[in-house]
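**Student:** model the following, please.
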Amino acid sequence: MTKHKYIKQGVTLAIVSFFFSACSSTQTSLSPKYKLTNEQSQKSLFSLKKGKSISLDALVIETEKYPVIFVGDHHNTEETHKFFNSYLQELAKKGYKIHLANEWFTPEHNKLLKRYTDGKISSEELKEKRGWDKFTSMRWDLVASLYKTVKDSSGRLYGVNISKESRKKISLQQINLMNKDEKKFYDELDTHVSAHKNLIMPYFNHCNKMPNKSHEPCKERMYRVQVSWDTFMAKQSLKIAKNEMKTNKDKLIVFAGALHMEYGLGIPLRFSRENNLPSYIISNHKRSSDAIDVQKADAVFIY
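**Tutor:** Residues are numbered from 1 along each chain as shown. Prediction:
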(Lines give C-alpha, C1' and ligand atoms only; values in the text may rest on other atoms or scores of the structure.)
Protein backbone atom coordinates (compact mmCIF):
# COMPACT_ATOMS: atom_id res chain seq x y z
CA MET A 1 0.00 0.00 0.00
CA THR A 2 1.44 3.39 -0.95
CA LYS A 3 1.80 6.13 1.63
CA HIS A 4 -0.84 8.26 -0.12
CA LYS A 5 -3.33 5.39 0.03
CA TYR A 6 -2.37 4.80 3.65
CA ILE A 7 -3.16 8.37 4.63
CA LYS A 8 -6.30 8.53 2.49
CA GLN A 9 -7.59 5.32 4.01
CA GLY A 10 -6.90 6.59 7.54
CA VAL A 11 -8.66 9.90 6.97
CA THR A 12 -11.64 8.23 5.25
CA LEU A 13 -12.10 5.83 8.13
CA ALA A 14 -11.84 8.72 10.55
CA ILE A 15 -14.66 10.60 8.86
CA VAL A 16 -16.95 7.58 8.77
CA SER A 17 -16.45 6.53 12.37
CA PHE A 18 -15.57 9.93 13.94
CA PHE A 19 -12.13 8.28 14.18
CA PHE A 20 -11.91 8.40 17.96
CA SER A 21 -13.27 10.07 21.07
CA ALA A 22 -11.04 10.64 24.06
CA CYS A 23 -10.55 12.21 27.45
CA SER A 24 -7.41 13.88 28.68
CA SER A 25 -6.01 10.76 30.33
CA THR A 26 -7.34 7.87 28.22
CA GLN A 27 -7.56 7.68 24.46
CA THR A 28 -10.30 5.47 22.99
CA SER A 29 -10.19 4.77 19.29
CA LEU A 30 -12.84 3.41 16.95
CA SER A 31 -10.12 2.51 14.49
CA PRO A 32 -9.62 -1.26 13.96
CA LYS A 33 -7.29 -2.77 16.54
CA TYR A 34 -4.75 -5.56 16.42
CA LYS A 35 -4.85 -7.61 19.62
CA LEU A 36 -1.39 -8.85 20.52
CA THR A 37 -0.89 -12.39 21.70
CA ASN A 38 0.97 -12.94 24.97
CA GLU A 39 4.08 -13.85 22.99
CA GLN A 40 3.83 -10.81 20.73
CA SER A 41 3.35 -8.43 23.66
CA GLN A 42 6.68 -9.60 25.08
CA LYS A 43 8.56 -8.82 21.87
CA SER A 44 10.06 -5.38 21.37
CA LEU A 45 9.05 -4.68 17.77
CA PHE A 46 5.76 -5.23 15.97
CA SER A 47 5.07 -4.50 12.30
CA LEU A 48 1.51 -3.35 11.77
CA LYS A 49 2.10 -3.54 8.02
CA LYS A 50 2.83 -7.28 8.30
CA GLY A 51 0.81 -8.08 11.41
CA LYS A 52 3.64 -9.82 13.21
CA SER A 53 6.56 -9.35 15.56
CA ILE A 54 9.83 -8.56 13.83
CA SER A 55 13.49 -8.23 14.74
CA LEU A 56 15.55 -5.08 14.51
CA ASP A 57 17.30 -6.50 11.44
CA ALA A 58 13.92 -7.12 9.83
CA LEU A 59 12.85 -3.54 10.56
CA VAL A 60 16.01 -2.22 8.93
CA ILE A 61 15.37 -4.37 5.85
CA GLU A 62 11.70 -3.34 5.77
CA THR A 63 12.55 0.36 5.88
CA GLU A 64 15.47 0.31 3.45
CA LYS A 65 13.20 0.99 0.50
CA TYR A 66 11.77 4.10 2.16
CA PRO A 67 13.86 7.28 1.76
CA VAL A 68 11.90 9.05 4.53
CA ILE A 69 11.31 7.60 8.01
CA PHE A 70 9.10 9.37 10.55
CA VAL A 71 9.92 8.37 14.12
CA GLY A 72 7.66 9.36 17.02
CA ASP A 73 9.07 9.22 20.53
CA HIS A 74 7.67 9.25 24.04
CA HIS A 75 9.80 11.98 25.61
CA ASN A 76 12.31 10.92 28.26
CA THR A 77 11.60 7.23 27.71
CA GLU A 78 15.00 5.60 27.89
CA GLU A 79 13.97 2.31 26.27
CA THR A 80 12.65 3.93 23.10
CA HIS A 81 15.72 6.12 22.70
CA LYS A 82 18.01 3.11 23.07
CA PHE A 83 15.98 1.25 20.46
CA PHE A 84 16.08 4.22 18.09
CA ASN A 85 19.82 4.56 18.56
CA SER A 86 20.29 0.88 17.72
CA TYR A 87 18.17 1.38 14.61
CA LEU A 88 20.32 4.33 13.50
CA GLN A 89 23.48 2.32 14.11
CA GLU A 90 22.22 -0.51 11.93
CA LEU A 91 21.39 1.91 9.11
CA ALA A 92 24.88 3.39 9.41
CA LYS A 93 26.45 -0.07 9.18
CA LYS A 94 24.69 -0.51 5.84
CA GLY A 95 26.26 2.67 4.52
CA TYR A 96 23.31 5.03 4.75
CA LYS A 97 23.97 8.71 5.27
CA ILE A 98 21.56 9.76 8.00
CA HIS A 99 19.91 13.16 7.83
CA LEU A 100 18.28 13.46 11.25
CA ALA A 101 15.72 16.26 11.47
CA ASN A 102 14.55 16.74 15.04
CA GLU A 103 12.23 18.98 17.03
CA TRP A 104 14.75 19.90 19.73
CA PHE A 105 16.37 22.51 17.49
CA THR A 106 15.11 25.18 15.08
CA PRO A 107 16.50 25.90 11.59
CA GLU A 108 18.43 28.79 13.14
CA HIS A 109 20.53 26.17 14.94
CA ASN A 110 21.59 24.33 11.78
CA LYS A 111 24.99 26.01 11.59
CA LEU A 112 25.58 25.09 15.22
CA LEU A 113 24.53 21.49 14.56
CA LYS A 114 26.89 21.32 11.58
CA ARG A 115 29.76 22.48 13.75
CA TYR A 116 29.00 19.54 16.03
CA THR A 117 28.80 16.92 13.26
CA ASP A 118 31.95 18.41 11.71
CA GLY A 119 33.75 17.76 15.00
CA LYS A 120 34.38 21.43 15.79
CA ILE A 121 32.47 21.43 19.08
CA SER A 122 31.74 18.73 21.64
CA SER A 123 28.41 17.36 22.77
CA GLU A 124 28.62 19.38 25.98
CA GLU A 125 29.35 22.54 24.01
CA LEU A 126 26.35 21.84 21.79
CA LYS A 127 24.18 21.42 24.88
CA GLU A 128 25.48 24.65 26.40
CA LYS A 129 25.12 26.71 23.22
CA ARG A 130 21.56 25.44 22.81
CA GLY A 131 20.78 26.50 26.36
CA TRP A 132 19.35 23.06 26.85
CA ASP A 133 18.64 23.21 30.58
CA LYS A 134 16.73 26.46 30.19
CA PHE A 135 14.94 25.22 27.09
CA THR A 136 13.61 21.89 28.34
CA SER A 137 13.55 19.36 31.17
CA MET A 138 14.15 16.50 28.71
CA ARG A 139 17.21 14.37 29.34
CA TRP A 140 20.16 15.47 27.23
CA ASP A 141 21.92 12.11 27.51
CA LEU A 142 19.09 10.38 25.62
CA VAL A 143 19.27 12.62 22.55
CA ALA A 144 23.04 13.05 22.81
CA SER A 145 23.51 9.33 22.13
CA LEU A 146 21.47 9.69 18.93
CA TYR A 147 23.45 12.72 17.83
CA LYS A 148 26.73 10.90 18.43
CA THR A 149 25.60 8.01 16.23
CA VAL A 150 24.69 10.41 13.44
CA LYS A 151 28.00 12.24 13.81
CA ASP A 152 30.06 9.03 13.86
CA SER A 153 28.36 7.86 10.67
CA SER A 154 29.21 11.13 8.86
CA GLY A 155 25.54 12.10 8.91
CA ARG A 156 23.92 15.49 9.48
CA LEU A 157 21.65 17.01 12.11
CA TYR A 158 18.93 19.55 11.39
CA GLY A 159 16.56 21.60 13.51
CA VAL A 160 12.97 21.75 12.27
CA ASN A 161 11.04 23.22 15.21
CA ILE A 162 9.12 26.48 14.93
CA SER A 163 10.33 29.21 17.27
CA LYS A 164 8.53 30.07 20.49
CA GLU A 165 8.08 33.62 19.25
CA SER A 166 6.34 32.49 16.06
CA ARG A 167 4.09 30.12 17.99
CA LYS A 168 3.01 32.98 20.25
CA LYS A 169 2.11 35.21 17.29
CA ILE A 170 0.08 32.39 15.76
CA SER A 171 -1.63 31.54 19.05
CA LEU A 172 -2.72 35.14 19.69
CA GLN A 173 -3.30 35.91 15.99
CA GLN A 174 -0.87 38.83 16.20
CA ILE A 175 -0.94 39.35 12.45
CA ASN A 176 0.31 42.92 12.76
CA LEU A 177 3.54 41.61 14.31
CA MET A 178 4.19 39.01 11.59
CA ASN A 179 6.64 39.57 8.78
CA LYS A 180 5.74 38.69 5.19
CA ASP A 181 6.86 35.05 5.43
CA GLU A 182 5.16 34.52 8.79
CA LYS A 183 1.90 35.98 7.46
CA LYS A 184 2.01 33.74 4.38
CA PHE A 185 2.66 30.70 6.55
CA TYR A 186 -0.19 31.67 8.89
CA ASP A 187 -2.65 32.19 6.02
CA GLU A 188 -1.89 28.74 4.60
CA LEU A 189 -2.44 26.78 7.84
CA ASP A 190 -5.02 24.02 7.41
CA THR A 191 -6.93 23.56 10.65
CA HIS A 192 -9.79 21.61 9.06
CA VAL A 193 -8.55 18.01 9.17
CA SER A 194 -11.25 16.67 11.49
CA ALA A 195 -9.50 13.38 12.26
CA HIS A 196 -6.40 15.24 13.41
CA LYS A 197 -8.46 17.64 15.48
CA ASN A 198 -10.28 14.76 17.17
CA LEU A 199 -6.94 13.17 18.00
CA ILE A 200 -5.32 16.28 19.45
CA MET A 201 -8.10 18.21 21.19
CA PRO A 202 -8.47 15.92 24.25
CA TYR A 203 -4.89 16.75 25.21
CA PHE A 204 -5.87 20.42 25.59
CA ASN A 205 -8.48 19.92 28.30
CA HIS A 206 -6.13 21.56 30.81
CA CYS A 207 -6.77 24.81 28.90
CA ASN A 208 -9.77 25.49 31.10
CA LYS A 209 -7.45 26.00 34.07
CA MET A 210 -5.15 28.44 32.29
CA PRO A 211 -5.46 32.24 32.06
CA ASN A 212 -6.94 33.17 28.69
CA LYS A 213 -5.31 36.19 27.02
CA SER A 214 -7.67 36.09 24.07
CA HIS A 215 -11.42 36.18 23.37
CA GLU A 216 -10.96 32.91 21.47
CA PRO A 217 -11.35 29.58 23.31
CA CYS A 218 -8.00 28.34 24.56
CA LYS A 219 -8.37 24.90 22.95
CA GLU A 220 -8.85 26.46 19.52
CA ARG A 221 -5.73 28.58 19.93
CA MET A 222 -3.68 25.61 21.10
CA TYR A 223 -4.89 23.48 18.22
CA ARG A 224 -3.88 26.18 15.74
CA VAL A 225 -0.42 26.19 17.31
CA GLN A 226 -0.26 22.39 17.04
CA VAL A 227 -1.09 22.60 13.34
CA SER A 228 1.54 25.29 12.86
CA TRP A 229 4.03 23.10 14.68
CA ASP A 230 3.34 20.09 12.46
CA THR A 231 3.22 22.17 9.30
CA PHE A 232 6.47 24.00 10.00
CA MET A 233 8.33 20.78 10.80
CA ALA A 234 6.94 19.20 7.63
CA LYS A 235 8.03 22.14 5.49
CA GLN A 236 11.52 22.17 6.99
CA SER A 237 11.78 18.41 6.40
CA LEU A 238 10.73 18.98 2.80
CA LYS A 239 13.60 21.44 2.36
CA ILE A 240 16.05 18.84 3.64
CA ALA A 241 14.60 16.22 1.30
CA LYS A 242 14.89 18.58 -1.65
CA ASN A 243 18.39 19.85 -0.89
CA GLU A 244 20.13 16.85 0.66
CA MET A 245 18.59 13.64 -0.72
CA LYS A 246 21.00 13.06 -3.57
CA THR A 247 21.43 9.27 -3.71
CA ASN A 248 19.59 6.12 -2.62
CA LYS A 249 21.95 6.01 0.34
CA ASP A 250 20.61 9.27 1.75
CA LYS A 251 18.03 8.60 4.47
CA LEU A 252 15.89 11.38 5.94
CA ILE A 253 14.68 10.59 9.46
CA VAL A 254 12.23 13.02 11.03
CA PHE A 255 12.26 12.65 14.80
CA ALA A 256 9.60 14.28 16.99
CA GLY A 257 7.00 13.48 19.62
CA ALA A 258 4.66 10.60 18.82
CA LEU A 259 1.56 12.80 18.47
CA HIS A 260 3.28 14.64 15.62
CA MET A 261 3.55 11.35 13.71
CA GLU A 262 0.87 8.82 14.59
CA TYR A 263 -1.96 7.95 12.19
CA GLY A 264 -0.07 9.90 9.55
CA LEU A 265 -2.08 12.98 10.53
CA GLY A 266 0.55 15.42 11.79
CA ILE A 267 3.89 15.92 10.06
CA PRO A 268 3.52 12.98 7.62
CA LEU A 269 0.22 14.28 6.22
CA ARG A 270 1.55 17.75 5.58
CA PHE A 271 4.82 16.39 4.21
CA SER A 272 3.04 14.06 1.76
CA ARG A 273 0.91 16.88 0.39
CA GLU A 274 4.00 18.42 -1.19
CA ASN A 275 6.26 15.42 -1.79
CA ASN A 276 5.60 11.92 -3.09
CA LEU A 277 8.67 10.30 -1.54
CA PRO A 278 7.67 6.95 0.02
CA SER A 279 7.73 7.15 3.81
CA TYR A 280 7.40 4.88 6.83
CA ILE A 281 6.19 5.65 10.37
CA ILE A 282 7.69 4.15 13.54
CA SER A 283 6.15 4.91 16.92
CA ASN A 284 5.94 3.54 20.49
CA HIS A 285 3.49 1.34 22.35
CA LYS A 286 3.30 0.69 26.08
CA ARG A 287 3.34 -2.97 27.02
CA SER A 288 0.49 -2.37 29.48
CA SER A 289 -1.95 -2.37 26.55
CA ASP A 290 -2.27 -5.52 24.42
CA ALA A 291 -4.23 -3.89 21.58
CA ILE A 292 -2.81 -1.51 18.98
CA ASP A 293 -4.75 0.62 16.50
CA VAL A 294 -3.80 -0.79 13.13
CA GLN A 295 -3.37 2.69 11.64
CA LYS A 296 -1.26 4.09 14.46
CA ALA A 297 2.00 3.55 12.58
CA ASP A 298 3.71 1.12 10.24
CA ALA A 299 5.67 -0.38 13.14
CA VAL A 300 5.84 0.16 16.88
CA PHE A 301 8.48 -0.35 19.53
CA ILE A 302 6.86 -2.05 22.53
CA TYR A 303 8.21 -1.09 25.94
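
**Student:** which residues touch the closest residue to Asp290 other than its chain neighbours?
**Tutor:** For Asp290, ignoring the flanking residues on the chain, the nearest one in space by CB to CB, 6 or more residues apart in numbering is Leu36 at 4.7 Å. (Glycine included, C-beta is placed from N, CA and C.) With contact taken as CB atoms under 8 Å, 6 or more residues apart in numbering, Leu36 is in contact with 46, 290-292.

**Student:** Lys151 and Gly159, how far apart?
**Tutor:** For Lys151, the distance to Gly159 equals 15 Å [CB to CB, to the nearest Å].

**Student:** likewise for Arg115?
**Tutor:** 13 Å.

**Student:** just Ser237 next, same as before
**Tutor:** 11 Å.

**Student:** again, but for Lys50
**Tutor:** From Lys50 across to Gly159, the span is 34 Å (CB to CB).

**Student:** ok, Ala92 next?
**Tutor:** Taken as CB to CB, the span from Ala92 to Gly159 is 21 Å.

**Student:** do a quick rundown of the helices in the stretch 51-200 of the chain.
**Tutor:** 56-63, 78-93, 110-117, 123-130, 132-135, 140-152, 164-171, 180-187, 194-200 (DSSP state H, counting those that start in this stretch).

**Student:** who are the neighbours in contact with His99?
**Tutor:** 155-156, 158, 240, 244-245, 250-253.

**Student:** over to Tyr116?
**Tutor:** By CB under 8 Å, 6+ apart, the residues touching Tyr116 are 122-123, 125-126, 147, 151, 157.

**Student:** if we go to 10 Å?
**Tutor:** Shown in contact with Tyr116 (CB atoms under 10 Å, 6 or more residues apart in numbering): 109, 122-123, 125-127, 129-130, 147-148, 150-151, 156-157.

**Student:** quick check, nearest of these to Leu88?
**Tutor:** Val150 (6.7 Å; CB to CB).

**Student:** quick one: that closest one from Lys97, how far?
**Tutor:** Shown here: Val150 relative to Lys97, a distance of 10 Å by CB to CB.

**Student:** go on, Asp230?
**Tutor:** Separation of Asp230 from Lys97 (CB to CB): 26 Å.

**Student:** same question, Lys184
**Tutor:** Taking CB to CB as the measure, Lys184 falls 32 Å from Lys97.

**Student:** the spatially most central residue of the chain: which element?
**Tutor:** In the chain, the residue lying closest to the centroid (CA atoms, centre = their mean) is Ala256, at 3.4 Å. Using DSSP states H and E, the element containing Ala256 is strand 250-257.

**Student:** which strands border that strand, and is each parallel or antiparallel?
**Tutor:** Strand pairing for strand 250-257, determined by DSSP bridges: strand 68-73 (parallel), strand 97-102 (parallel).

**Student:** what's the closest of those strands to Ile267?
**Tutor:** Distance to Ile267, taken as CB to CB, is lowest for strand 68-73 among the strands paired with strand 250-257, at 6.3 Å.

**Student:** in the closest one, what counts as buried?
**Tutor:** Neighbour-count burial for strand 68-73, counted by 16 or more other CB atoms under 10 Å, picks out 68-73.

**Student:** how about a markdown table for those residues, with distance to Cys207 and pLDDT added?
**Tutor:** Listed next are those as a markdown table, based on distance: CB to CB, whole Å; pLDDT from 0 to 100:
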| residue | distance to Cys207 | pLDDT |
| --- | --- | --- |
| Val68 | 33 | 98 |
| Ile69 | 33 | 98 |
| Phe70 | 27 | 98 |
| Val71 | 28 | 98 |
| Gly72 | 23 | 97 |
| Asp73 | 24 | 93 |
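
**Student:** pull the most distant pair out of those residues.
**Tutor:** Farthest pair in these (CB to CB) is Val68 and Asp73. Separation: 16.7 Å.

**Student:** the residue nearest to Asp290 and Lys111, how far apart?
**Tutor:** 45 Å.

**Student:** likewise Tyr223?
**Tutor:** The gap separating Tyr223 from Lys111 is 33 Å, by CB to CB.
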